[in-house]
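**Student:** Sharing a model prediction with you, sequence too.
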Amino acid sequence: MDPTPQLQTKLDRLLARFLLQERLGLWLALIAIVLSASCLGLGFYLDDFVGRYIYSDLPDAARLYELYAGGYGLANGNPADTHWQIENGWAPWWTYDQLLIRLFRPLGVATHWLDFHFWPDQPALMHLHSLLWLALLVLAVTSMYRAALGGITGGLAALLFAFDHTHGFVVGYICNRHSLITVLLSVLCLAAHLKARAHGNKLQQLFAYALYAAALASGESAAAIAGYLCAHALCVERTSLPRRLLLIAPYLALTVVWRALYTRAGFGAIGSGLYIDPARDPLAYLLALFERAPVLVLGQFLAPPAEFYSVWPTTWAHAMWLFACVFCVCLAIAFWPILRRDRVAWFWLLGALASLVPAASTYPHNRQLLFTSLGAMGLLAQLWHLHVIELGSRAPTRLLHFSQGIGGMVFLTHAVISPLVLPVSTCSIAVTSPLQAARATLDADSAGRDVVFINAPDYFAVKLVQLSLRIAEQPLPRRFRALSFGPEHITVQRTASNVLELAYAEGILSTPFMELYRDRRIAMRAHEQITLAGMQIEVLELTPDGRAQKARFTFDAPLEAEQLRFYVWKDGHFARYTPPAVGERHTLEPAELELHF
């Protein structure tokens, strides 16, 4: 694709010389490791503690390992197992009894087994393990881009991919390593397919099929590479349409067989508002795709990060979505000059858009953009080639001038700002550090007693308390009970010596993240009861859409009994709490969590 370049500035000539060198992939892999090495000092966060526990031989770890699918799940759809999780403090009392969140990722499980078997207390080595997968990915991407786009343009696309700050979270969060492996195997599949088509090598084509199957065994997002393969067949191949369809038929057949076996084996998602399975709930998924796709595109090409959409106040989130829609239109216009003349550009565009299909199955986050980044960086590199090499920075028409302005802004974001932001985004999981404070806030005399959390800012706040005690093999409370989660305005009223009634001002599941264990569309029933050891729960009132708004918690003993210890979230940690006297009530401030490094 690259003609002999007529580069006008010394900087462009130096860049071209760097991009054309034979060992570019090694240099880019090294640079990517250096820019992401900030994760080496991170330590463990959130699901990392789950891994430390379930891969151990501690009590109940094996059962939770099975229920959590080796760390890639939360529930198996069995009501009895769901109740066991509620009973043992691993899930909230309102969890949908048939909740299914179980993902098939055996390759990721294998790498975590390696970590927790050989260096279970060394997070730096686990992060180094992830960095090595990143290096392999950058090497594979560089080879693939050069085969598809030529030396300079392909090299630039690889450079932009290596610098892309949207990859940071995946690299820095140990439990997201499977994403790096999935994309690596998928890129190798695409490269093998392109090589097989270029040389007519049937053995290479069989290798591509095998790589695709392996990618699917690493993560569901591997289906995104089928989108790139379809886009290549439709946009780049010059054979007849039936012939092009035959080229992609084996990949589509593999996808269908994989999905059928996946579902039959009990994997997938049912009942969660955060994880939507397109095959099981297509209408809800299409609505989610319409909402989330523009936000993901904005996060990929510009800013703010896609995850801001889920944590910002509603007004800000709506403004972000509208801005994302406008930006998508501007981006389409900016890319049009290259799209109308180059079929390879259509390949990158359609592949990137197809990658949003699996990415939109959960709440928007930059960590879902690895596959989208493949097409995005290819498009950006081609746009740079058009404006810098072919047009020499001239813009003779309004369209080209607009394309140059928007494209230049996006290009500078990724070429200049991204490498500066990448070391920070790699450590972005550390913003949950305030949540870690929950781990050490129980009094020593809580051991052997029932610990009752009146409120908590997040599901993980309570889960981390239990995980930390179990991992450290410290004495445990007899039971873990939590009555409210999330930034809820709640009123606590005592109606008898052993009874508390909680009124949730906006109803439970009032924010998107709270829908992890129950989709808000799954209505509860008035006077529905949940029986736990030492406590009976009854739903007293519902919101108009069927969410619990008031619930009664009846304990087996008076609330002053020695066997009970109550806590509330206050000033960033759990603090001891004294329930109100009979007939009185307390109004509690929302359990807010201020995320920061």
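**Tutor:** Right, received. Where do you want to start? None of the values given here were measured: they were computed from a predicted structure.

**Student:** tally of neighbours for the residue nearest to residue 588 when sequence neighbours are not counted?
**Tutor:** Nearest residue to residue 588, sequence neighbours excluded (CB to CB, 6 or more residues apart in numbering): residue 490, at 5.2 Å. C-beta coordinates here come from the backbone N, C-alpha and C atoms, glycine included. Using other CB atoms under 10 Å, residue 490 has 23 neighbouring residues.

**Student:** shift numbering so it begins at 161
**Tutor:** In the new count, where the first residue is 161, that last one comes out as residue 650.

**Student:** was I right about residue 650 contacting residue 660?
**Tutor:** No. Counting by CB atoms under 8 Å, residue 660 is not a contact partner of residue 650; they are 10.6 Å apart.

**Student:** Can you pull the poorly scored residue ranges out of the stretch 461-610 of the chain?
**Tutor:** 553 (pLDDT under 70).

**Student:** what about the helices in it?
**Tutor:** Here the stretch 461-610 of the chain has its helices, by DSSP state H, counting those that start in this stretch, at 468-471, 474-499, 503-519, 530-544, 558-572, 578-585, 593-596.

**Student:** can those go into a markdown table with extra columns for distance to residue 684 and mean neighbour count?
**Tutor:** Converted to a markdown table, the helices of the stretch 461-610 of the chain look like this (distance: least, CB to CB, whole Å; neighbours: other CB atoms under 10 Å):
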| stretch | distance to residue 684 | mean neighbour count |
| --- | --- | --- |
| helix 468-471 | 24 | 19 |
| helix 474-499 | 23 | 16 |
| helix 503-519 | 31 | 22 |
| helix 530-544 | 37 | 26 |
| helix 558-572 | 46 | 17 |
| helix 578-585 | 39 | 19 |
| helix 593-596 | 27 | 17 |
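
**Student:** got these as a markdown table, with distance to residue 270 columns?
**Tutor:** Formatted as a markdown table, the helices of the stretch 461-610 of the chain follow (distance: least, CB to CB, whole Å):
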| stretch | distance to residue 270 |
| --- | --- |
| helix 468-471 | 31 |
| helix 474-499 | 37 |
| helix 503-519 | 22 |
| helix 530-544 | 20 |
| helix 558-572 | 38 |
| helix 578-585 | 27 |
| helix 593-596 | 28 |
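
**Student:** and of those, who's closest to residue 327?
**Tutor:** helix 530-544 (6.2 Å; CB to CB).

**Student:** Tell me the gap between that closest one and the middle of its chain.
**Tutor:** The chain centre lies 20 Å from the centre of helix 530-544; the measure is CA atoms, centre = their mean, to the nearest Å.

**Student:** Over to stretch 400-418?
**Tutor:** 29 Å.

**Student:** which residues are in contact with that stretch?
**Tutor:** Here stretch 400-418 makes contact (CB atoms under 8 Å, 6 or more residues apart in numbering) with 357, 369, 372-373, 376, 383, 386, 389-390, 393-394, 397, 399.

**Student:** rerun that using 10 Å as the cut-off
**Tutor:** 264, 349, 353, 356-357, 365-366, 368-370, 372-373, 376-377, 380, 382-383, 385-387, 389-399 (CB atoms under 10 Å, 6 or more residues apart in numbering).
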